[in-house]
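Colleague: the following block contains a protein sequence and its predicted model.
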Amino acid sequence: MVAGLLFLALAYLAVGQATVNRSGAQTAADAAALAAAQKTRDQLAGMWVDDVRDPAKWGPIFAGDGGVDFCSRADRLAEQNGATAQCHFQPPLSYTVEVKTNKPVGDSVVPGTENVYSTAHATAVIEPLCKPPDAGVKGNDLPQLICRDKVWDLKPDDPSGLPKPNDLFDVHLADSPANDQ
């Protein structure tokens with residue numbers, strides 16, 4: 001009976017090891033996908049600031065046109081979290097990252113775990129928060145920029161009063177089915 005309880009305790013320990021390893025993989029995937037998406041968000045926001053005096057260009061920017069693939073950022077973040085990544089930029093506004101841990105689950109009473117590596121995936125989405133002005137807006141004054149519940153009266157000569165990247169775009173993880181190991 002004692003041997004059975006000891007085996008059961010060791011089996012629970014093995015499950016715990018696997019859970020920790022899997023959690024590390026998910027953390028790496030989430031961080032990597034978010035890092036790439038945030039870099040793209042910052043790049044798009046910079047494009048908007050550069051073109052703030054030309055409202056006709058705002059719509060394509062908010063739609064993600066011109067967004068650059070920053071999968072290299074995802075790769076670095078996965079590496080920092082003890083994993084290797086496969087990153088997929090899905091223009092215009094999302095990244096999917098699949099990771100595999102660099103370390104296996106490890107030795108345990110469960111046979112075969114010494115060569116099992118955890119995997120996980122995450123998708124990060126860049127969501128525009130602003131609606132571009134109507135195409136018919138004319139004149140020398142810039143139209144108001146409406147982002148969620150905030151209205152911006154833009155003054156391009158005062159960059160400190162312009163919206164920040166997180167005012168223009170939201171970056172978040174998309175829900176995904178849990179089918180990783």
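Modeller: Nice, I can see it. Numbering: from 1, shown residues only.

Colleague: from now on I want contacts and neighbour counts done on CA atoms only, so please keep to that.
Modeller: Will do.

Colleague: quick one, what contacts the closest residue to residue 43 other than its chain neighbours?
Modeller: The shortest distance from residue 43 to any non-neighbouring residue, by C-alpha to C-alpha, 6 or more residues apart in numbering, is to residue 67 (7.0 Å). Counting by C-alpha atoms under 8 Å, 6 or more residues apart in numbering, residue 67 makes contact with 40, 43-44, 91-93.

Colleague: now tell me which helix or strand of this structure has the poorest mean pLDDT.
Modeller: helix 2-50 (a mean of 75; mean pLDDT, DSSP states H and E).

Colleague: how much space between the residue sitting nearest the centre point of the chain and residue 89?
Modeller: Central residue of the chain (C-alpha atoms, centre = their mean): residue 34, 2.0 Å from the mean position. Distance, residue 34 to residue 89, using C-alpha to C-alpha, to the nearest Å: 12 Å.

Colleague: could you do residue 105 as well?
Modeller: For residue 105, the distance to residue 89 - C-alpha to C-alpha - is 29 Å.

Colleague: and residue 148, by the same measure?
Modeller: 26 Å.

Colleague: again with residue 60
Modeller: 18 Å.

Colleague: of residue 148 and residue 89, give the one with the bigger neighbour count.
Modeller: residue 89 (20 against 12; other C-alpha atoms under 10 Å).

Colleague: grab the nearest non-local neighbour of that one.
Modeller: Nearest to residue 89 is residue 95, by C-alpha to C-alpha, 6+ apart, at 4.6 Å.

Colleague: these two touch, right, the one you found and residue 85?
Modeller: No - look at residue 95 against residue 85 with C-alpha atoms under 8 Å: they stay out of range, at 11.9 Å.
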